[in-house]
Each structure stands twice: as C-alpha cells, then as structure tokens.
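Visitor: After the sequence you'll find the predicted model.
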Amino acid sequence: MRQWLSAACVAVALAFSVPMFVIAQTKPANATAQCKDGTYSTAKTQRGACSGHGGVATWFADDSKSKAKETKEDAKSAGKATKDLAKDAGKTAKAGAKTAGKATEETGKTAARATKEGASATKDATRTVSKPSDAPADATAKCKDGTYSRAKQHRGACSGHGGVADWYK
C-alpha cells in the first residue's frame with residue numbers, strides 16, 4: 001500500500017509540474033501570423049494562413065499598404081487591358097460582319113446543293129423493288145435488320161431497325 005501511495009504522489013507531482021517545463025514557442029522573425037493553436041505562419045496573406053491550425057489568432061503583417069499598392073496597380077492594368085480588348089473587339093466585329101455577309105451567301109448556295117444531292121442520295125440508297133412472295137401482304141418496306149414495316153410514309157419507317165433497305169411498289 002505504501003508503494004502505491006508513493007507512486008500516486010509522484011504521478012500527481014509530475015502532472016502539475018509538466019506545464020512549467022513547457023517552453024513557450026518564440027515568434028520567428030519572418031512570422032506573419034500566430035495561429036489559434038499557438039504555432040506561427042509565414043503566409044503572405046491572411047486567406048489560408050493557419051488553415052490546419054484552427055485559424056489566425058493574431059495577424060502580424062501590416063499588409064494594408066501593400067494591398068493598396070497592389071489594388072492600384074491591378075486597376076491600372078485592368079484599365080489598359082479593357083481598352084486594348086475594346087479596340088480589338090471593334091476591329092474584329094467590323095471584319096466579322098463583312099465575312100458573315102459573304103459566308104451567309106455561300107452557306108445558302110451550299111445548303112441548296114446539299115439538299116438536292118441529299119435527296120438524290122437518299123433515293124439511290126433505298127431502292128424501290130417488287131414485294132417478294134415471302135413478305136407480309138401489308139408490308140410497305142423491308143428494314144435493314146430483316147424485319148418488315150407497314151409504315152404509310154417514308155419518314156420514320158424502320159427507324160428502330162437500322163433504316164429502310166427496300167421500299168415495295
């Protein structure tokens with residue numbers, strides 16, 4: 001019992017004396033912030049500084065002057081860039097309008113040719129043949145997968161079967 005009591009006393013004494021032995025962390029020369037957990041950060045901006053340490057407790061860096069300077073420089077750069085972009089946009093719009101007029105005319109001609117050629121190609125791709133004797137009596141077309149269609153119009157006939165292979169007279 002005496003040993004147990006002695007061990008308990010030693011444990012209590014050590015528990016209360018440990019905080020005295022912990023040396024306070026000193027602020028590094030380049031520290032810009034102290035985190036809420038007591039560590040220091042050298043982040044250039046408050047955003048993201050101490051993100052893994054509970055956030056910023058104290059911000060040491062006086063960046064208000066540098067932020068004002070950066071803001072002024074950014075505004076100047078943005079103004080110049082906007083002016084340049086507006087100038088380029090004006091030139092591009094003028095050239096685009098001219099090109100668009102020519103392109104519209106050419107597109108109309110090309111579309112008319114394509115429509116004419118497409119109709120011809122469609123006519124050639126699906127041939128009209130006599131109905132074979134093994135086809136159903138009311139079949140109007142044979143689909144590319146071998147099934148028959150009873151569609152009254154060409155449009156949409158055999159749409160789920162790969163298209164029309166043959167139209168029947």
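Guide: Structure received.
Visitor: Low-confidence ranges, the protein, go.
Guide: Along the chain, segments meeting pLDDT under 70 span 14-24, 63-70, 100-101, 103, 108, 111-112, 114-126.
Visitor: And the helices in it, which stretches?
Guide: 2-21, 64-125 (DSSP state H).
Visitor: How much space separates the nearest residue to residue 36 once chain neighbours are set aside from residue 28?
Guide: Closest residue to residue 36 apart from its sequence neighbours, by CB to CB, 6 or more residues apart in numbering: residue 54 at 3.6 Å. Using the backbone N, CA and C atoms, a C-beta is placed for each residue, glycine as well. The spacing between residue 54 and residue 28, counted by CB to CB, to the nearest Å, is 19 Å.
Visitor: With residue 97 instead?
Guide: According to CB to CB, residue 97 stands 62 Å off from residue 28.
Visitor: Over to residue 51?
Guide: Distance from residue 51 to residue 28, by CB to CB: 18 Å.
Visitor: got the contact list for the most centrally placed residue in the chain?
Guide: The geometric centre of the chain, computed from its C-alpha atoms, lies nearest to residue 48 (CA atoms, centre = their mean), at 23.8 Å. Shown in contact with residue 48 (CB atoms under 8 Å, 6 or more residues apart in numbering): no residues.
Visitor: what about 10 Å?
Guide: 41, 56 (CB atoms under 10 Å, 6 or more residues apart in numbering).
Visitor: And it, how close does it get to residue 33?
Guide: Residue 48 is 11 Å from residue 33, by CB to CB.
Visitor: what touches both of the two?
Guide: Joint contacts of residue 48 and residue 33 (CB under 10 Å, 6+ apart) are 41, 56.
Visitor: residues contacting residue 59?
Guide: Here residue 59 is in contact with 32, 33, 34, 41, 43, 45, 46, 49, 50 (CB under 10 Å, 6+ apart).
Visitor: Quick check: the second one touching residue 58?
Guide: What that stands for is residue 33. Yes. Using CB atoms under 10 Å, residue 33 is in contact with residue 58, at 6.5 Å.
Visitor: joint contacts of the two?
Guide: Common neighbours of residue 33 and residue 58 (CB under 10 Å, 6+ apart) are 40, 50.
Visitor: out of these two, which sits in the more crowded spot?
Guide: Between residue 33 and residue 58, residue 33 has the larger neighbour count (other CB atoms under 10 Å), namely 21 against 13.
Visitor: Can you mark which positions in stretch 140-153 are buried?
Guide: 140, 141, 142, 143, 148, 149, 151 (16 or more other CB atoms under 10 Å).
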